[in-house]
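*Asks:* Just need the structure, nothing else, for what follows:
(one chain, ligands or ions: 1)
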Amino acid sequence: MTAQPPPDLGRFAASRPQPKAGILDIIAYKPGKSTADGVTDPLKLSGNENILGCSPYARDAFVEAAGELNVYPDSRGTALRNAIAERWKLEPDRLVLGCGTDELLHLINQTFLEPGDNIVQGQYAFGAYGIGARACQAEVRSAPEPNYRIDVEAMLALVDERTRLMFITNPANPTGTFTTKDELRRLHEALPPSVVLVVDAAYAEFCTDPTFTDGLELARGAEAENIIVTHTFSKLHGLAALRVGWAYGPVPIADAIDRIRPPFNVSVPALTAAVAALADEDFQAKSLALVERWRPWLTQQFGGLGLGVVPSSANFILVEFPKTPGKTAPEAEAFLATRGLIVRGVANYGLPSHLRITIGLEEHNRALVDVLAEFLSRP
Ligand SMILES: Cc1ncc(COP(=O)(O)O)c(C=O)c1O
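*Replies:* Predicted coordinates:
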């Protein structure tokens, strides 16, 4: 056989690698800050992490997993899958485990969106939905959120024949508000069956209101062919560093997502620690009790300082500052940082007059209120 001459690729000589259309228009997700200039050990109240850490059993399980770092994880995450299914009364085969909810959100977008499709979300939606959709060259449609709440009719008004996904965060980040059972049901019923309703329930465990649902009661039903609910171990369980989330949907959707899921996306230490965390109901109860103890107190204190407070059902509170120079949200953020308290500016969510503040331990919360009182009383 005679050797073929190499193909002449000279015509490409002037070209350079180019991200596909739209990628460079995406504004990258900006995580909460974790450092403050000139402060050695600041307190991070900007990431909605669990201030109590995590379950000691989860930590022990993580350490134990260090003994098998040479082994790939179980691609199906069977032990965690079964533990989640048992705890939430779900069918194991309808679960997809992810490297945090973040990965699942990307996978959901990739599974459903073609260029020219669109997603519908609320005005203050969590940034990951839009980033993932834009990466698929889809359009992002945002419905107004009067009073910082999802408006069912406004969301539905944006749906058209190219809508493939609708995202609801329940409770929402960064607003902390929630969509009720009735609203979610109404939304789901009115959606064309071709549109998948994605309920991101990252903060669900912090909402104990009887009218709340994380969407699982809708998703469990055999007739629920177009609803996915996601949960995370990053918040109540305090395992943000390990990156574990899960999605629950109908079998055909779980199957489709699984086809593009990286096979070993959840690591052995993460899987093991998450199983242990799920079993530690005492730690979960303590974490919830802390939030339930300090959320009303902080809400009342912020209000007492004359700040606007959005009623929260999560482990953080959205606070509105005056527009008066010297008293604005960015200035408050900077002032708090000088005292070692890092909170989250949310201008990138279209909320330049607000700060999002994670609920801390008693001493943190009291310090926060004191420093804010000082900030606001400055001449
Ligand atoms: C609303 C919402 N969804 C998803 C996530 C991502 O969670 P995970 O840590 O599971 O990726 C976050 C993280 O802050 C969030 O606020």
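*Asks:* from here on, contacts and neighbour counts on C-alpha atoms
*Replies:* OK.
*Asks:* quick one: contacts for K323?
*Replies:* K323 sits next to A329, S353 when contact means C-alpha atoms under 8 Å, 6 or more residues apart in numbering.
*Asks:* Residues contacting the longest helix seen in the chain, please?
*Replies:* Scanning the chain for the longest helix, with DSSP state H as the assignment, gives helix 281-304. By C-alpha under 8 Å, 6+ apart, the surrounding residues in contact with helix 281-304 are 50, 52, 54-55, 205-206, 236-237, 308-309, 311-312, 314-317, 319, 359-362, 365, 369.
*Asks:* 6 Å - rerun?
*Replies:* Identification of contacts with helix 281-304 by C-alpha atoms under 6 Å, 6 or more residues apart in numbering yields S55, N315.
*Asks:* Report the distance from it to the chain centre.
*Replies:* 20 Å (C-alpha atoms, centre = their mean, to the nearest Å).
*Asks:* Which residues belonging to that helix are considered buried?
*Replies:* Buried positions in helix 281-304, judged by neighbour count with 16 or more other C-alpha atoms under 10 Å: 283-284, 287-288, 290-292, 294-295, 298-299, 301-302.
*Asks:* As JSON lines, the residues you listed with pLDDT and distance to A277 would be great.
*Replies:* Listed next are these as JSON lines, based on pLDDT from 0 to 100; distance: C-alpha to C-alpha, whole Å:
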{"residue": "F283", "pLDDT": "98", "distance to A277": "8"}
{"residue": "Q284", "pLDDT": "98", "distance to A277": "8"}
{"residue": "S287", "pLDDT": "98", "distance to A277": "12"}
{"residue": "L288", "pLDDT": "98", "distance to A277": "14"}
{"residue": "L290", "pLDDT": "98", "distance to A277": "17"}
{"residue": "V291", "pLDDT": "98", "distance to A277": "18"}
{"residue": "E292", "pLDDT": "98", "distance to A277": "20"}
{"residue": "W294", "pLDDT": "98", "distance to A277": "23"}
{"residue": "R295", "pLDDT": "98", "distance to A277": "24"}
{"residue": "L298", "pLDDT": "98", "distance to A277": "28"}
{"residue": "T299", "pLDDT": "98", "distance to A277": "29"}
{"residue": "Q301", "pLDDT": "98", "distance to A277": "33"}
{"residue": "F302", "pLDDT": "98", "distance to A277": "33"}
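*Asks:* which residues of this protein score low on pLDDT?
*Replies:* The chain contains residues with pLDDT under 70 at 1.
*Asks:* So which residues on it come close to the ligand?
*Replies:* 100-102, 126, 169, 173, 200, 202, 232, 234, 240, 243-245 (C-alpha under 6 Å from any ligand atom).
*Asks:* If we use 5 Å, what do you get?
*Replies:* Applying C-alpha under 5 Å from any ligand atom, we find that the chain lies next to the ligand at G100, T101, D102, N173, T232, S234, G245.
*Asks:* Restricting to C-alpha, output the longest helix of the chain in CSV.
*Replies:* The C-alpha coordinates for helix 281-304 follow below in CSV (Å, rounded to 0.1, in the frame of the first residue of the first chain):
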residue,chain,number,x,y,z
GLU,A,281,-30.7,13.8,61.5
ASP,A,282,-29.4,15.4,64.6
PHE,A,283,-27.0,17.6,62.7
GLN,A,284,-29.7,18.5,60.2
ALA,A,285,-32.1,19.4,63.0
LYS,A,286,-29.4,21.6,64.6
SER,A,287,-28.7,23.4,61.3
LEU,A,288,-32.4,24.1,60.7
ALA,A,289,-32.9,25.2,64.3
LEU,A,290,-30.1,27.7,64.0
VAL,A,291,-31.6,29.3,61.0
GLU,A,292,-35.1,29.2,62.5
ARG,A,293,-33.8,30.9,65.6
TRP,A,294,-31.9,33.7,64.0
ARG,A,295,-33.8,34.4,60.8
PRO,A,296,-36.7,36.2,62.5
TRP,A,297,-34.4,38.0,64.8
LEU,A,298,-32.2,39.3,62.0
THR,A,299,-35.3,40.2,60.0
GLN,A,300,-36.6,42.2,62.9
GLN,A,301,-33.2,43.8,63.6
PHE,A,302,-32.6,44.8,60.0
GLY,A,303,-36.1,46.3,59.9
GLY,A,304,-35.4,48.1,63.1
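*Asks:* would you list every one of the helices in the chain?
*Replies:* Using DSSP H, helices in the chain cover 56-65, 78-88, 100-112, 127-135, 152-157, 181-190, 216-219, 251-260, 268-279, 281-304, 329-338, 362-377.
*Asks:* what's the angle between the longest one and helix 268-279?
*Replies:* Read that as helix 281-304. Angle, helix 281-304 to helix 268-279, by axes from the mean of the first three to the mean of the last three C-alpha atoms, to 10 degrees: 80 degrees.
*Asks:* now helix 281-304 and helix 56-65, what's the angle there?
*Replies:* 120 degrees.
*Asks:* Could you do the second one as well?
*Replies:* Between the axes of helix 78-88 and helix 56-65, defined by the same axes, to 10 degrees, the angle is 170 degrees.
*Asks:* What residue, apart from its backbone neighbours, is nearest the residue in the stretch 151-300 of the chain that the ligand sits nearest to spatially?
*Replies:* Nearest residue of the stretch 151-300 of the chain to the ligand, counting by C-alpha to the nearest ligand atom: T232, 4.3 Å away. Nearest non-adjacent residue to T232, counting by C-alpha to C-alpha, 6 or more residues apart in numbering: G245, 4.1 Å away.
*Asks:* No further questions, thank you.
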